[in-house]
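Sequence plus the predicted model coming up.
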Amino acid sequence: MVPSKFVLPLALTLCVVALIAGGGAAAADSPVALDDPPDNETLGDVVELAVSMPENGTATVVVEESNSDAYSRELRLRDASGDGRVTLQINTFLGKQGANETAVYSVGGGDTVRIEEQSGDRLQATRYDIAVFNGTATQDEPVDTASAELTAPSAGTVSFATAPANATDRLTTAEAIQRGQRSGWVSQWNRPSDREIDGPEFAANDTVLIELRVGGLGGSLAASSGTNDSERFFSALDCQNASLRLEVMDGLLIADDPIYITMNWTDVAHVVPDRHNDSYALVVDTDEADLTQSANELINAGDELAVKLSVDGEPRLRERDDSNASPEFELEKPEAELHTDGGSVPASYDGRLTVRGSTNVAPGTALGVRLPGTEVRPTTVTVGQNGTFNGTVDTESRTLSNTTVVLTGPQGTVLANASVEQPSLTDTEAPSTQTSAETTPSPTSGPATADGSATAAGTNATATNGPGFGVLTGLCAVLFAVLVASGRRRA
């Protein structure tokens, strides 16, 4: 038993220990915290900082330059929406320009942010420390911390994809592009890692998707005016003294006299941003944008079009060299090749004509198939992801002698043609004309069995293998004869 003189000191000691432990647990289990804070962002983009807190609660965020007092902001966040979370958006494009702090730091969803203290004018490419405090008491230790690096924008990359002509209205969102690729009517992205030096080749009049994966444009895009992403994108380029052009490359130009085609919002049907990947997909109708040889006198057969993006006079896309893939593409005349046997497309005995081959037109394109001079109805074949097509034409067993199969593109232009070879009915090649159970069952025959033989209507296929009698019927007949003979002997 503990002596009474030790009871009071022991009790006080246990209370102090409990209070200290309780205080540490409260700090460790604080409801205020950073949710998946960023680690590396590009200066010029929008940085998102998610802070969880009690519903309708308050938290304080301090952003300051690491190892320096050149820049510091103390921000008071309040969860006015009552969902227990406030997402702070930092527009580093406006921040590097020294814009109004209410434009640099903002929140959405009905929540509020207020600038309490600030020092320094502009964000720059360096590392920043982020500290979060419970409520408004910044004199205490922060309940959560993080560090994020703002890096200067680097040269971006260009990727390409293609879709059928007149498909721009179906490609207005990143999800729509992804669905088209999964469904097979939009080609997969031709990434720089997928090609060596030369860029891809597409058919003129098709829809071309040009993906610019370049950081540092998001903040300008978010701050720009416009009714849609396309207008905001080109407005953002105007704000940064930027330009988007296609340089016509024919290998004969001198460096002092390049030919450029300026791209603006009237030439690009849609700009589809994907802010998580710092990418912008430009959906271009090559016919409407006058990028075809027939529509633009600056473009000749065999010319390549190099994508050029500059911001404040500085190139923002990787240039072609020995180590980088080319940011170029080429528009060619639509072409196709029919696969033939000895120069002809063979028809089968059952009156079917298989039309297959390859083409440079976009996947998902429906190519017309006609047999002029016949009553065979026109049909279509669809181009697959790998540029091939394969379809069957039902000729309804019509004679196809001296017939040609014609393959046409979306605009009705002839892409390829070949003669049709009618099968010759020789004794060794032609199907038998004799009536058999396999090809022409008699009116009293039932369905064919697995081996092709026919069964009598209404009978069991496993009981009709004897010469007129089934096995069971034959045994019954023999037994009946024996019984009759036995009865006669008794008589």
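Noted; the coordinates are in hand.

only C-alpha atoms for contact and neighbour calcs from this point on.
OK.

And stretch 175-182, what's buried?
By neighbour count on 16 or more other CA atoms under 10 Å, the buried set for stretch 175-182 is Ile177, Gly180, Gln181.

Just the ones in helices from those residues, please.
Judged by DSSP state H, the subset of the buried residues of stretch 175-182 located in helices is Ile177, Gly180, Gln181.

Mind splitting this protein into its structural domains?
Domain ranges of the chain: 28-151, 157-332, 336-421, per automatic domain parsing.

thinking again about what came up before, now the ones in helices among the buried residues of stretch 175-182 as JSON lines including distance to Asp39 and pLDDT?
Compiled in JSON lines, those are given as follows (distance: CA to CA, whole Å; pLDDT from 0 to 100):
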{"residue": "Ile177", "distance to Asp39": "29", "pLDDT": "96"}
{"residue": "Gly180", "distance to Asp39": "33", "pLDDT": "97"}
{"residue": "Gln181", "distance to Asp39": "32", "pLDDT": "96"}
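
so where do the helices sit in the stretch 51-200 of the chain?
For the stretch 51-200 of the chain, applying DSSP state H, counting those that start in this stretch gives helices covering 92-96, 101-104, 174-183.

Present these as JSON lines; the columns should include distance to Val47.
Below are the helices of the stretch 51-200 of the chain laid out as JSON lines (distance: least, CA to CA, whole Å):
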{"stretch": "helix 92-96", "distance to Val47": "7"}
{"stretch": "helix 101-104", "distance to Val47": "10"}
{"stretch": "helix 174-183", "distance to Val47": "21"}
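
which one of those helices lies closest to Pro315?
When the helices of the stretch 51-200 of the chain are compared by CA to CA, helix 92-96 sits nearest Pro315, at 17.8 Å.

quick one, helices of the stretch 351-491 of the chain?
Under DSSP H, counting those that start in this stretch, the stretch 351-491 of the chain gives helices at 471-490.

Verify the stated contact: His339 with Thr359.
No: the criterion here is CA atoms under 8 Å, and His339 misses it with Thr359 at 11.0 Å.

More neighbours: those two, which one.
Of the pair His339 and Thr359, Thr359 is the one with more neighbours under other CA atoms under 10 Å, namely 21 against 16.

ok, for that one, nearest residue in space, not its chain neighbours?
Ala336 (4.1 Å; CA to CA, 6 or more residues apart in numbering).

go on, Val361?
Leaving out its chain neighbours, the residue that sits closest to Val361 by CA to CA, 6+ apart is Ala203, at 5.1 Å.

contacting residues for the one you found?
Ala203 makes contact with Leu331, Glu332, Lys333, Pro334, Glu335, Asn360, Val361, Ala362, according to CA atoms under 8 Å, 6 or more residues apart in numbering.

for the stretch 101-250 of the chain, what are the low-confidence residue spans?
For the stretch 101-250 of the chain, the stretches flagged by pLDDT under 70 are 194-198.

for it, what spans make up the strands?
Counting by DSSP state E, counting those that start in this stretch, the stretch 101-250 of the chain has these strands, from start to end: 105-107, 112-119, 127-134, 144-151, 157-163, 201-203, 207-213, 242-249.

again with the stretch 351-491 of the chain
Going by DSSP E, counting those that start in this stretch, the stretch 351-491 of the chain shows strands at 352-359, 366-370, 379-382, 388-394, 404-408, 414-421, 445-448, 454-456.

For the residue most central in space within the chain, give its distance to Arg78.
By CA atoms, centre = their mean, the chain has its centre lying nearest to Gln178, at 2.6 Å. Look at Gln178 and Arg78: by CA to CA, to the nearest Å, they are 37 Å apart.

pLDDT at the nearest residue to Arg245 once chain neighbours are set aside, what is it?
Counting by CA to CA, 6+ apart, Thr262 is the residue found nearest to Arg245 once chain neighbours are left out, at 4.4 Å. For Thr262, the model assigns a pLDDT of 89.

neighbours of Thr262, just the number please.
Other residues within reach of Thr262, judged by other CA under 10 Å, total 12.

same check, this time on Thr379
By other CA under 10 Å, the residues close to Thr379 number 16.

Please apply the same query to Asp140.
Asp140: 9 neighbours (other CA under 10 Å).

just to revisit the earlier point, of all the strands of the stretch 351-491 of the chain, which one is nearest Gly226?
Taking CA to CA, strand 366-370 is the member of the strands of the stretch 351-491 of the chain nearest to Gly226, at 35.8 Å.

quick one: contacts of the closest one?
Strand 366-370 is contacted from outside by 376-383, 405-410, 412, using CA under 8 Å, 6+ apart.

Mark which of those are buried, thanks.
The neighbour-count test (16+ other CA under 10 Å) marks Val376, Thr379, Thr380, Val381, Thr382, Val383, Val405, Val406, Leu407, Thr408, Gly409, Pro410 as buried among the contacts of strand 366-370.

Could you double-check that Tyr349 lies in contact with Glu421?
No: look at Tyr349 against Glu421 with CA under 8 Å: they stay out of range, at 11.1 Å.

More neighbours: which of those two?
The neighbour count for Tyr349 versus Glu421, taken as other CA under 10 Å, is higher for Glu421 (21 against 15).

On the pLDDT front, check the more buried one for me.
As predicted, Glu421 sits at a pLDDT of 84.

same deal with the one 5 residues further on?
On pLDDT, Thr426 comes in at 53.

Check the burial of Ala236 by counting its neighbours.
22.

Ramachandran angles for Gly216?
Here is the backbone geometry of Gly216 (degrees, to the nearest 10): phi 90, psi 0.

what sits against it?
Neighbouring residues of Gly216 by CA under 8 Å, 6+ apart: Thr42, Leu43, Gly44, Asp45, Phe93, Ala152, Pro153, Asp278.

Got the phi and psi for the last one?
In terms of degrees, to the nearest 10, the main-chain angles of Asp278 are phi 50, psi 40.

which residues does it contact?
Going by CA under 8 Å, 6+ apart, Asp278 touches Arg213, Val214, Gly215, Gly216, Leu217, Gly218.

The second one now?
Shown in contact with Leu43 (CA under 8 Å, 6+ apart): Thr92, Phe93, Lys96, Gln124, Ala125, Leu150, Thr151, Ala152, Pro153, Gly216.

How many residues are close by the closest residue to Thr162 other than its chain neighbours?
Excluding its sequence neighbours, the residue lying closest to Thr162 (CA to CA, 6+ apart) is Val208, at 4.5 Å. Neighbour count for Val208, taken as other CA under 10 Å: 28.

returning to that earlier point: among the helices of the stretch 51-200 of the chain, which is nearest Asp83?
Nearest to Asp83 among those is helix 101-104; the distance by CA to CA comes to 22.6 Å.
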